[in-house]
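Asker: Curious how this folds, go ahead:
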Amino acid sequence: MEMITKLEKIKPLLQRKVFNNKTYLYSQIIKNERLKRNMTLEEMAKGICSVSYLCKVEKNVIEPEESYIRAIFEKVNLDYDKVGKNIMEDGVKKMLHHYLNRNYAGIEELYLRIDDGIFNSFNHLVKAMHFLIKKEYREFREAIKTLDKIKDTLLRDDLGVLVFLVVEYYIQTYQFLEAYEHLQYLHDEEFECRELNWLIHEQHFRVGLNLGRYPMAMNHYLELMKDINIGYPMKKQAVFKLMLLSLKAEEYFEEVKEEVQDFRVEDEDYDYFLEVAYWKLVILLKGKNYLPSFERIVENNLHQDIRFVALLVYAADNINDESYKKRAVKIAEEFAYQETDAFLYKLIRFFVLKMTSDKPHLVVDYLKYNLLPVRYTYRHHLLSRAYEEYYLSYLCKSSKYKEAVNFLTKQKSG
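Answerer: Alright, predicted model coming up:
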């Protein structure tokens with residue numbers, strides 16, 4: 001589903017001059033109200049002003065006469081005197097600050113303070129963020145759809161926040177190619193809000209890492225670590241350092257292992273604890289420490305989080321002991337999956353089927369119908385490689401060498 005229509009127009013919109021006074025509020029209120037009522041420009045402008053004048057008002061390229069705005073508001077039963085009075089002071093900036101520091105309670109508080117008396121994009125951006133952190137993706141997409149329709153009325157930073165939110169959704173749902181495509185429109189853009197700039201650098205880093213675009217990841221990592229970024233969270237720096245070490249672990253595990261051993265987390269921030277635990281486990285798994293990884297997940301009760309269930313079945317699949325496989329399968333089958341877990345669920349089911357079925361063709365059929373069709377849309381930095389390697393091995397064992405070569409070629413190009 002395309003959330004931002006005509007994505008190629010984002011760059012021109014970021015570079016245009018807009019009025020930073022009540023004009024942009026009039027623009028977005030009028031356009032939103034017109035679209036909500038399925039009115040044409042002609043219907044909205046009739047008896048008040050010309051269509052071209054209304055079009056310029058909606059695009060925020062002129063400062064309109066107050067009399068025209070009052071007349072339009074009266075036509076659709078809106079209170080002109082309430083414009084701007086329900087905007088939370090620095091609401092979007094506070095929201096970004098909270099998100100950067102994983103203060104989700106702060107975002108919840110902002111959300112609960114929203115006054116929907118009259119539309120404004122600031123409140124809607126906060127709503128979208130609230131839905132995103134709650135993983136209420138249907139509501140999130142609806143909020144983005146509304147903002148997308150009026151994106152040409154948004155101020156520059158707010159347009160940046162809109163694209164940032166969409167990219168964050170794609171990252172959360174493992175759609176890294178979509179995230180990359182959208183990030184191209186924010187590349188080299190600097191916004192007034194420093195938290196927004198930091199968060200966009202983070203997105204570049206995470207997307208680059210997951211897509212194997214390591215120069216991109218490293219460039220943005222170095223940008224974040226610059227001394228000028230006073231106030232950038234130390235916890236974020238620590239997690240990103242671990243993520244980089246997970247790359248190095250593939251070739252230099254013993255070196256990385258020594259660095260990771262000294263990494264201690266004594267913090268009440270549970271989300272931070274989980275992030276650190278996750279990437280330390282990824283590093284262990286890349287060093288083929290499957291048994292210690294399995295035991296660490298179980299002993300620390302980490303398998304209450306689907307990310308760790310995925311690592312658990314991956315580890316068990318590589319342990320030559322049926323008791324571990326059975327235990328991992330039991331945990332995976334008893335896990336309470338949510339609708340938003342769809343992609344990780346498919347990955348977990350692959351490993352479960354691989355460990356429980358004595359018929360390889362059933363595993364291959366599962367791959368063909370569930371994972372291979374979305375291999376370029378959804379991607380996991382560790383587990384996607386595992387099922388791709390299994391399928392490639394199957395093709396070779398079945399003497400399907402031409403298919404194997406085609407698969408491998410597409411894999412590298414992808």
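Asker: what about His130, distance to Leu112?
Answerer: When CB to CB, to the nearest Å is the yardstick, His130 and Leu112 sit 9 Å from each other. C-beta: built from backbone N, CA, C; applies to glycine.
Asker: who's more crowded, these two?
Answerer: For His130 and Leu112, the more surrounded residue by other CB atoms under 10 Å is His130, and the numbers stand at 21 against 8.
Asker: Now the more buried one. Nearest residue, chain neighbours left out?
Answerer: Nearest residue to His130 in three dimensions, chain neighbours excluded: Tyr111, at 4.0 Å (CB to CB, 6 or more residues apart in numbering).
Asker: helix or strand for the one you found, which one?
Answerer: Assigned by DSSP states H and E, Tyr111 falls within helix 104-112.
Asker: Mind giving me the packing neighbours of that helix?
Answerer: When contacts are defined as 3 or more CB pairs under 8 Å, 6 or more residues apart in numbering; DSSP states H and E, helix 104-112 sits against helix 91-100, helix 121-133.
Asker: highest average neighbour count across the ones you listed?
Answerer: Mean neighbours per residue, mean count of other CB atoms under 10 Å, is largest over those for helix 121-133, with a mean of 22.
Asker: what's it in contact with?
Answerer: Under the criterion CB atoms under 8 Å, 6 or more residues apart in numbering, residues 28, 86-88, 91-92, 95, 99, 104, 107-108, 110-111, 114-116, 137, 139-140, 143-144, 146-147, 150, 153-154, 158, 161-162, 165, 168-169, 172 lie in contact with helix 121-133.
Asker: which stretches of this protein have low pLDDT?
Answerer: Counting by pLDDT under 70, the low-confidence segments of the chain come to 1, 19-20, 265-267, 411-414.
Asker: Using the record's domain definitions, break it down for me.
Answerer: The domain map for the chain lists 7-82, 91-224, 233-287, with the assignment taken from automatic domain parsing.
Asker: Adding distance to Asn320 as columns, could you present these in TSV?
Answerer: Listed next are these as TSV, based on distance: least, CB to CB, whole Å:
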stretch	distance to Asn320
domain 7-82	48
domain 91-224	29
domain 233-287	16
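Asker: Looking at the ones you listed, which is nearest to Val313?
Answerer: Ranking those by their distance to Val313 (criterion: CB to CB) puts domain 233-287 first, at 11.6 Å.
Asker: Grab the nearest non-local neighbour of the most centrally placed residue in the chain.
Answerer: Nearest to the mean C-alpha position of the chain, by CA atoms, centre = their mean, lies Glu168 at 2.3 Å. Computed as CB to CB, 6+ apart, the closest residue to Glu168 that is not its neighbour in sequence is Leu132, at 6.2 Å.
Asker: how many neighbours does the closest residue to Ser384 other than its chain neighbours have?
Answerer: Nearest non-adjacent residue to Ser384, counting by CB to CB, 6+ apart: Arg375, 6.8 Å away. Other residues lying near Arg375 total 17 when counted by other CB under 10 Å.
Asker: Thr40 now?
Answerer: As a measure of burial, Thr40 has 10 neighbours, counting by other CB under 10 Å.
Asker: and it, backbone torsions?
Answerer: Thr40 has phi and psi values of phi -80, psi 170 when expressed as degrees, to the nearest 10.
Asker: related to what we said a few turns ago, nearest to Phe407, of the domains of the chain?
Answerer: Ranking the domains of the chain by their distance to Phe407 (criterion: CB to CB) puts domain 91-224 first, at 17.0 Å.
Asker: Kindly check the end-to-end length of the closest one for me.
Answerer: Counting by CA to CA, to the nearest Å, the length from the leading to the trailing residue of domain 91-224 is 24 Å.
Asker: what secondary structure does Gly117 sit in?
Answerer: Following DSSP: H, G, I helix; E, B strand; the rest coil, we place Gly117 in the coil state.
Asker: All the helices of the stretch 151-300 of the chain, residue numbers only.
Answerer: In chain order, the stretch 151-300 of the chain shows helices spanning 156-172, 176-183, 194-211, 214-224, 234-248, 253-261, 270-286, 290-299, with DSSP state H, counting those that start in this stretch as the criterion.
Asker: For the first one, list every residue counted as buried.
Answerer: Pointing back at helix 156-172 there. By neighbour count, with 16 or more other CB atoms under 10 Å as the criterion, the buried positions of helix 156-172 are 156-171.
Asker: do the shortest one as well
Answerer: Judged by neighbour count (16+ other CB under 10 Å), helix 176-183 contains these buried residues: Phe176, Leu177, Glu178, Ala179, Tyr180, His182, Leu183.
Asker: Kindly report the same for the last one.
Answerer: Neighbour counts over helix 290-299 (16+ other CB under 10 Å) mark Tyr290, Leu291, Ser293, Phe294, Arg296, Ile297, Val298 as buried.
Asker: I'd like to know which of the residues you listed is nearest to Leu222.
Answerer: Each of those was checked against Leu222 using CB to CB; the closest is Ser293, at 29.9 Å.
Asker: I figured that closest one hits Leu284, correct?
Answerer: Yes: distance between Ser293 and Leu284: 4.7 Å, which falls inside the contact criterion (CB atoms under 8 Å).
Asker: Am I right that the residue nearest to the centre of the chain is in contact with Gln203?
Answerer: Yes: judged on CB under 8 Å, Glu168 makes contact with Gln203 at a distance of 6.9 Å.
Asker: re earlier: if we take the buried residues of helix 156-172, which one ends up nearest to Val76?
Answerer: Nearest to Val76 among the buried residues of helix 156-172, counting by CB to CB, is Asp158 at 23.1 Å.
Asker: In contact with the residue nearest to Leu162 when sequence neighbours are not counted: list those residues for me.
Answerer: Distances taken as CB to CB, 6+ apart place Leu147 nearest to Leu162, at 5.4 Å, with adjacent residues excluded. If a contact means CB under 8 Å, 6+ apart, then Leu147 has Ser121, His124, Leu125, Ala128, Leu154, Leu162 as its contacts.
Asker: swap in Thr146?
Answerer: Contacts for Thr146 were tallied using CB under 8 Å, 6+ apart; they are Asn32, His124.
Asker: tell me which element it is part of?
Answerer: Taking DSSP H and E as the definition, Thr146 sits inside helix 137-149.
Asker: Tell me the residue in this protein that is farthest from the middle.
Answerer: Of all residues in the chain, Gly47 sits farthest from the chain's C-alpha centroid, using CA atoms, centre = their mean; the distance is 45.1 Å.
Asker: For that residue, give me phi and psi.
Answerer: Gly47 adopts backbone torsions of phi 80, psi 0, taken as degrees, to the nearest 10.
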